[in-house]
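> Got a predicted structure plus its sequence, pasted below:
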Amino acid sequence: QVQLVESGGGLVQAGDSLRLSCAFSGGTFYSYAVAWFRQAPGKEREFVAAISLGGSDTDYTESVKGRFTISRENLKNTASLQMNSLRPEDTAVYYCAARPFQMGFRLGRTSTDYVEWGQGTQVTVSS
């Protein structure tokens with residue numbers, strides 16, 4: 001059974017950086033595309049970034065382009081989200097998500113594109 005565990009969240013000031021990690025277990029990591037989503041209080045869960053099986057393709061929501069970088073290390077079964085120049089509007093619970101290649105190779109941007117989810121990690125950015 002696939003399990004995703006996020007870590008690295010915390011409380012930072014605007015302009016600071018954080019690196020989130022997603023530890024994958026219970027399956028073959030290299031056969032899963034990975035994405036990060038976030039959900040702020042009172043708002044719907046939104047797509048942040050995604051990365052393909054081998055890491056060659058990535059996709060970002062417009063508001064984080066140039067500030068966030070998604071990556072993966074298949075030999076270590078981990079994915080990461082490097083977040084720089086953080087803003088108060090980045091405050092949210094961040095979720096790692098994954099889907100197997102059998103669901104298609106495109107990088108999805110909706111929650112229903114992914115079948116495996118972590119429990120989330122809180123990121124709070126103060127102004």
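Structure received.

> buried set for stretch 65-73?
For stretch 65-73, the neighbour count (16 or more other CB atoms under 10 Å) marks 68-70, 72 as buried. Glycine gets a C-beta too; all of them are placed from N, C-alpha and C.

> And the contacts of that stretch?
If you take CB atoms under 8 Å, 6 or more residues apart in numbering as the criterion, stretch 65-73 is touched by 29, 34, 36, 48-51, 55, 58, 60, 78-86.

> Going by neighbour count, which of the residues you listed are buried?
Buried members of the contacts of stretch 65-73, scored by 16+ other CB under 10 Å, are 29, 34, 36, 48-51, 60, 78-81, 83, 86.

> want to throw those residues into a markdown table with pLDDT?
Formatted as a markdown table, these follow (pLDDT from 0 to 100):
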| residue | pLDDT |
| --- | --- |
| 29 | 96 |
| 34 | 97 |
| 36 | 98 |
| 48 | 98 |
| 49 | 98 |
| 50 | 98 |
| 51 | 97 |
| 60 | 98 |
| 78 | 98 |
| 79 | 98 |
| 80 | 98 |
| 81 | 98 |
| 83 | 98 |
| 86 | 98 |
